[in-house]
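Participant: sequence and predicted model, in that order:
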Amino acid sequence: MKLRYAALSDVGRVRRDNQDSGYAGPNLLVIADGVGGSARGDIASAATVDVLRKLDEPPGQDLQGDMLGGLAGAIHRSHDRIAGLVAENPEIEGTSTTVTAVIFDGTQIGVGHVGDSRGYLLRDGALSQLTTDHTFVQSLIDEGRITEDEARVHPHRNLILRAVDGVHEPEPDVFTLEVAAGDRILLCSDGCSGVLSDDDLARFLADGTPDHVAVSLVSASLEAGSSDNVTVVVADVVDDDAVDDTDTNASAVTGPMLVGAAAEAPRRRGTAGRATRAADTGELEPIEDPVGYDGDVDPEEMRYAPRPPRRFTWARRIAVVAVIALLAAIIGFAGWKWSQTQYYVANDGDDVAIFQGVEATVPGINTHHVEEASDLKLDDLPDYNARQVRDGISASSLEDARGIVSRLQRLVPCPEPTPSPSASPSLRKKNLPSKTARPRQSRTPAASSTPRPSTSPSPSSGSGLCAETP
């Protein structure tokens, strides 16, 4: 049997760059979804496809051993390739990729899988998922904690537990599967499987040629609101005599097809005739450098070309820092101006004073100062009012603060009066005249024997701030 295949990739309606890569050939199908954002996941996916595409050769004698060993070995070599690229260019540290690959020997397929790209098989109208996602939400599904539908909207649905990253040794799932004529194989990135249900996938895979199905799946994914790159590889297993070199639908006779980020490698202009909006088809020269490309390219190919490094990076950063500092200074000055419209009454040491500003501690900035002093002492106030002053009494204006001080002055109690130290004879019982004795008459006036105490108090304090106590 042989494969009739098609591949298509689209950057989508949200992303600026296509970090997916795909490959379809007579004996090999590959999907790689780059992870890393600014770390250039397109480099990792393109490098992985470049390594794996070398498996697109007729199988050897030991078919099963060649397929599984070849797949696992190629995935490990792609790990080494990414590690080398990061060593040459540390700016892309953190780049990684998923990979799902199918190798075909004419009677069975071998599958190698790492990450959350998926492989499906449609047989007799029934769709089955060949791969298991290496993701956090899949572990929740396996534990029965969430459903498949809930996983599609889970906030951590993009958290991948396994990937090819050049740092951690990949642990690919590898297995073989017997296939039959009429089977249809689908490999897709999560930009497709993440928005289309199994029923949707089965419906689109049921009719049409691989080319037609690939276009339908990509279009449906975008219409369903996919915010990611969308890449699909579709292949039919057909009898050998069913493939005719004159059949325009027999994609296998056109040669390998490379799509997405991997399609931006050097190529001859004359071999890109089948390239479409996403650079999705064409016979290519062997990929030597998955990072960049040389030579002329048409405008469509430039769409997914790696962006050159930004110039004047430090100047941009300095300008951003300067703008942030200017905004901070403006906000700080506005805050300081507002604080100078605020007043409060508090203690300045032992004295009661009116302060302007707000009582706060800001390094390098004086947020308050004494606006007016007073003769009022903190110790002259009742304990409750003294505590209020220590805590600070807010005022709406300077006049309001003066009024508060005046009210506090009226709360100062006057000291108790003390008698003058004038001599007052002490009347003793033994000097009183007897009840039977007559008082002696004296014609000469004498000092009155009746004591006259002084009634003029002498206050201990002369501040004049006290209030008389009734």
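Facilitator: Sure thing, it's come through. Numbering: from 1, shown residues only.
Participant: any idea which helix or strand comes after the helix or strand of the chain with the lowest mean pLDDT?
Facilitator: Here the helix or strand of the chain ranked lowest by mean pLDDT, DSSP states H and E is helix 299-302, holding a mean of 37. Under the assignment DSSP states H and E, the closest C-terminal helix or strand after helix 299-302 is helix 313-339.
Participant: quick one, what contacts Ala163?
Facilitator: By Cβ atoms under 8 Å, 6 or more residues apart in numbering, the contact list for Ala163 reads Val35, Ser96, Thr97, Thr98, Val114, Gly115, His134, Pro170. In this view, the C-beta of every residue, glycine as well, is placed from N, C-alpha and C.
Participant: what's the distance between the first one and Asp105?
Facilitator: In this case it means Val35. 30 Å (Cβ to Cβ, to the nearest Å).
Participant: of those two, who's got more company?
Facilitator: For Val35 versus Asp105, neighbours defined as other Cβ atoms under 10 Å are more numerous around Val35 (22 against 18).
Participant: how about the contacts made by the more buried one?
Facilitator: Residues in contact with Val35 (Cβ under 8 Å, 6+ apart) are Gln19, Gly41, Ala44, Thr95, Ser96, Thr97, Thr98, Gly115, Ile160, Ala163.
Participant: just those residues: which are in strands?
Facilitator: In strands, defined here by DSSP state E, the members of the contacts of Val35 are Ser96, Thr97.
Participant: most neighbours of all the contacts of Val35, which one?
Facilitator: Within these, most neighbours by other Cβ under 10 Å means Ala44, with 36 neighbours.
Participant: identify the spatial nearest neighbour of that one, chain neighbours not counted.
Facilitator: Leaving out its chain neighbours, the residue that sits closest to Ala44 by Cβ to Cβ, 6 or more residues apart in numbering is Thr97, at 3.9 Å.
Participant: just the element for the residue nearest to Leu68 when sequence neighbours are not counted, please.
Facilitator: Excluding its sequence neighbours, the residue lying closest to Leu68 (Cβ to Cβ, 6+ apart) is Val174, at 4.8 Å. Taking DSSP H and E as the definition, Val174 sits inside strand 173-178.
Participant: just checking: what are the partner strands of that strand?
Facilitator: strand 108-114 (antiparallel) (DSSP bridges).
Participant: related to what we said a few turns ago, next, the angle strand 173-178 makes with whatever helix or strand comes next after the strand holding Val174.
Facilitator: Downstream of strand 173-178, the first helix or strand assigned by DSSP H and E is strand 184-188. Orientation check (axes from the mean of the first three to the mean of the last three Cα atoms, to 10 degrees): strand 184-188 against strand 173-178 gives 160 degrees.
Participant: next SSE downstream of strand 184-188?
Facilitator: Later in the chain than strand 184-188, the nearest helix or strand by DSSP H and E is helix 190-193.
Participant: what's next to that next one, contact-wise?
Facilitator: Applying Cβ under 8 Å, 6+ apart, the external contacts of helix 190-193 come out as 12, 20, 33, 116-118, 158, 201, 217-218, 221, 226-232.
Participant: give the buried subset of the residues you listed as a PyMOL selection command.
Facilitator: Selection command for PyMOL covering only the buried members of the contacts of helix 190-193, criterion 16 or more other Cβ atoms under 10 Å:
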select buried, resi 12+20+33+116+117+118+201+217+218+221+226+228+229+230+231+232
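Participant: filter the contacts of helix 190-193 down to just the ones in helices.
Facilitator: Of the contacts of helix 190-193, the ones assigned to helices by DSSP state H are Leu201, Leu217, Val218, Ser221.
Participant: Ile393 bridge partners, please.
Facilitator: Here Ile393, judged by DSSP bridges, has bridge partners Val345.
Participant: which residues are in contact with it?
Facilitator: When contacts are counted by Cβ under 8 Å, 6+ apart, Ile393 touches Tyr344, Val345, Ala346, Ile404.
Participant: if we go to 10 Å?
Facilitator: Applying Cβ atoms under 10 Å, 6 or more residues apart in numbering to Ile393 gives the contacts 343-346, 352, 354, 385, 400-401, 404-405, 407-408.
Participant: just flag the most distant two among these.
Facilitator: Pairwise distances among the contacts of Ile393 were taken by Cβ to Cβ; the largest, 18.2 Å, belongs to Tyr343 and Asn385.
Participant: so the two - more neighbours on which side?
Facilitator: A count of neighbours by other Cβ under 10 Å puts Tyr343 above the other of Tyr343 and Asn385, at 24 against 17.
Participant: give me the pLDDT for the more buried one.
Facilitator: If you check Tyr343, the pLDDT there is 89.
Participant: check Arg184 too.
Facilitator: Looking at Arg184, its pLDDT reads 96.
Participant: repeat for Ser38
Facilitator: Ser38 is assigned a predicted lDDT (pLDDT) of 57.
Participant: for the residue lying closest to Ser339 once chain neighbours are set aside, give me its contacts.
Facilitator: Distances taken as Cβ to Cβ, 6+ apart place Val358 nearest to Ser339, at 4.5 Å, with adjacent residues excluded. The contact partners of Val358, by Cβ under 10 Å, 6+ apart, come to 335-336, 338-344, 367-368, 392, 394.
Participant: which of these has the largest number of neighbours?
Facilitator: Going by other Cβ under 10 Å, Tyr343 tops the contacts of Val358 with 24 neighbours.
Participant: surely that one meets His369?
Facilitator: No. If you go by Cβ atoms under 10 Å, Tyr343 and His369 don't touch, sitting 11.1 Å apart.
Participant: okay, and the common contacts of the two?
Facilitator: Residues touching both Tyr343 and His369 (Cβ under 10 Å, 6+ apart) are Phe355, Gln356, Gly357.
Participant: quick one: strands adjacent to the helix or strand hosting the second one?
Facilitator: Going back to what we said before, that points to Gln356. According to DSSP H and E, Gln356 maps onto strand 351-357. Strand pairing for strand 351-357, using DSSP bridges, gives strand 343-348 (antiparallel), strand 368-377 (antiparallel).
Participant: name the residues that touch the first one?
Facilitator: To tie it back to what came earlier, the one meant is strand 343-348. By Cβ under 10 Å, 6+ apart, strand 343-348 touches 352-359, 368, 370-374, 376-378, 381, 386, 388-405, 407-408.
Participant: what about 8 Å?
Facilitator: Strand 343-348 is contacted by residues 352-356, 358-359, 370-371, 373, 378, 389-398, 400-401, 404-405, 408 when judged by Cβ under 8 Å, 6+ apart.
Participant: let me have the strands paired with strand 351-357 in JSON lines, extended by distance to Gly125.
Facilitator: Shown next, in JSON lines, are the strands paired with strand 351-357 (distance: least, Cβ to Cβ, whole Å):
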{"stretch": "strand 343-348", "distance to Gly125": "81"}
{"stretch": "strand 368-377", "distance to Gly125": "81"}
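Participant: which one of these has the lowest average pLDDT?
Facilitator: Among the strands paired with strand 351-357, strand 368-377 has the lowest mean pLDDT, at a mean of 85.
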